[in-house]
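Enquirer: Okay, predicted coordinates and the sequence, questions at the end:
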Amino acid sequence: MKSTPNSPSPYASESVDEILAHFPANDATVSAQLFNALLEKGEDTLIDLCKRLVPLGAGDDNGPRYALTGLARYVSGPDCVSDDSRELVEESLLEALEATENAEVIHFLLRQLQQCGGNETVSEIGELLLDDATASHAILTLDAIGTKKAKRVLTKALGKTSGKTQLEILAALADDGSNRTAVNVTEDRLKAQPEANECVHLLSILVGLKGDKAHDELIDAMDRNEPRCRKAAISHASTMMDRYAAKKWQKKLDSSSTSEDAKKAIGALLADYEGMSA
């Protein structure tokens with residue numbers, strides 16, 4: 001792909017090493033000129049920069065890392081008007097991603113793609129969701145890109161993942177509101193009676209996905225023995241209580257099967273709601 005930088009750079013005649021020696025630049029104009037100089041040299045130069053990356057502690061690659069980090073931010077920002085430049089950086093990072101097996105380098109490349117990636121990145125990194133060593137960074141990248149295609153890839157991965165990775169995908173999808181597949185997976189995990197920390201996390205995710213339709217699951221959480229789970233349920237309920245939800249919580253309060261600790265918390269929740277409604 002051919003780069004179309006914003007304007008000819010006064011540093012274009014310098015070698016890559018000479019350009020890298022100018023970083024970090026304290027002046028935004030100089031930084032832009034340095035980035036444009038690298039862009040003018042084209043894809044081969046950017047790929048060469050990526051090839052200079054080494055795992056942390058294995059050598060000095062500060063120059064390439066600084067340049068690539070700045071480039072990813074620059075081509076995604078308002079100071080760079082050329083979409084060709086963004087695509088050029090994206091494709092170079094993706095080629096480097098395919099060529100390396102080192103998890104730390106992969107993480108670095110994915111962090112840059114969070115800045116400048118688009119649907120081409122979405123198409124290329126889906127498989128990284130299935131590897132525990134790269135899943136977290138791949139999820140963050142897809143979430144940052146945020147296109148419909150990225151959300152579809154995350155949703156599809158729910159059926160192929162479990163444990164921590166699946167939980168992180170659910171959390172990412174909850175940021176975007178309703179998602180039927182994510183709701184089903186979250187409800188199934190809650191029904192499996194997870195440990196307390198996961199329960200708290202799942203309740204938060206479910207509220208993100210269902211909003212005020214999550215009251216039934218919050219009420220069910222009051223049967224848990226762990227105070228953290230009950231406290232989380234009450235906290236979420238308090239932010240979205242209405243008269244219809246209050247009737248459900250009152251029914252739980254009146255149930256003979258509800259523990260005394262749960263009744264005390266529910267009573268306080270309803271008293272606060274009634275006070276605010278008066």
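Expert: Sure, I can see it. Numbering: from 1, shown residues only.
Enquirer: Now do the contacts for the residue nearest the centre of the chain.
Expert: Centroid-nearest residue in the chain: residue 140, 3.0 Å away (criterion: Cα atoms, centre = their mean). Each residue near residue 140 by Cβ atoms under 8 Å, 6 or more residues apart in numbering is listed here: 110, 114, 172. Any C-beta I mention is one placed from the backbone N, CA and C, and that applies to glycine too.
Enquirer: so which of the residues you listed is the most crowded?
Expert: residue 110 (24 neighbours; other Cβ atoms under 10 Å).
Enquirer: if I look at it, how far off is residue 145?
Expert: 11 Å (Cβ to Cβ, to the nearest Å).
Enquirer: Okay, now the unreliable bits of the protein?
Expert: Along the chain, segments meeting pLDDT under 70 span 1-7, 81, 278.
Enquirer: again, only this time at 50
Expert: 1-6 (pLDDT under 50).
Enquirer: Tabulate the contacts of residue 140 in CSV, adding columns for distance to residue 178 and secondary structure.
Expert: Output for the contacts of residue 140, formatted as CSV (distance: Cβ to Cβ, whole Å; DSSP: H, G, I helix; E, B strand; the rest coil):
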residue, distance to residue 178, secondary structure
110, 27, helix
114, 24, helix
172, 14, helix
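Enquirer: ok, residue 228 - contacts?
Expert: Neighbours of residue 228 in contact, by Cβ under 8 Å, 6+ apart: 196-197, 199-200.
Enquirer: circling back: where's the residue nearest to the centre of the chain, which helix or strand?
Expert: Taking DSSP states H and E as the definition, residue 140 sits inside helix 135-145.
Enquirer: next one: residue 24
Expert: Per DSSP H and E, there is no helix or strand for residue 24.
Enquirer: From residue 52, how far out is the nearest residue to it once chain neighbours are set aside?
Expert: Computed as Cβ to Cβ, 6 or more residues apart in numbering, the closest residue to residue 24 that is not its neighbour in sequence is residue 66, at 6.3 Å. Counting by Cβ to Cβ, the gap from residue 66 to residue 52 is 11 Å.
Enquirer: The closest residue to residue 25 other than its chain neighbours and residue 85, how far apart?
Expert: Of all residues not flanking residue 25 in the chain, residue 31 sits nearest, at 4.5 Å (Cβ to Cβ, 6+ apart). In this view, residue 31 and residue 85 are 14 Å apart by Cβ to Cβ.
Enquirer: Any buried residues in the helix or strand containing residue 187, and which?
Expert: In this structure, residue 187 is located in helix 180-191 according to DSSP H and E. For helix 180-191, burial by neighbour count (16 or more other Cβ atoms under 10 Å) applies to 182-183, 185-187, 189-190.
Enquirer: Show me which residues of the helix or strand just after it are buried.
Expert: The helix or strand immediately downstream of helix 180-191 is helix 196-210, counting by DSSP H and E. The neighbour-count check on helix 196-210 (16+ other Cβ under 10 Å) flags 198-210 as buried.
Enquirer: Quick check: phi and psi at the nearest residue to residue 95 once chain neighbours are set aside.
Expert: In space, residue 95 comes closest to residue 47 once its chain neighbours are excluded; the distance is 5.8 Å by Cβ to Cβ, 6+ apart. For residue 47, the backbone dihedrals are phi -70, psi -40 (criterion: degrees, to the nearest 10).
Enquirer: residues in contact with residue 47?
Expert: 92, 95-96.
Enquirer: Ramachandran coordinates for residue 101?
Expert: Residue torsions, per degrees, to the nearest 10, at residue 101 are phi -120, psi 0.
Enquirer: Please disregard the earlier target; I meant residue 237.
Expert: phi -60, psi -40.
Enquirer: again with the one 5 residues further on
Expert: Here is the backbone geometry of residue 242 (degrees, to the nearest 10): phi -140, psi 180.
Enquirer: Please apply the same query to residue 131.
Expert: phi -110, psi 120.
Enquirer: List the contacts of the closest residue to residue 33 other than its chain neighbours.
Expert: Once flanking residues are discounted, residue 33 sits nearest to residue 9: 4.6 Å by Cβ to Cβ, 6+ apart. Residue 9 is in contact with 33-34, 36-37, 40, counting by Cβ under 8 Å, 6+ apart.
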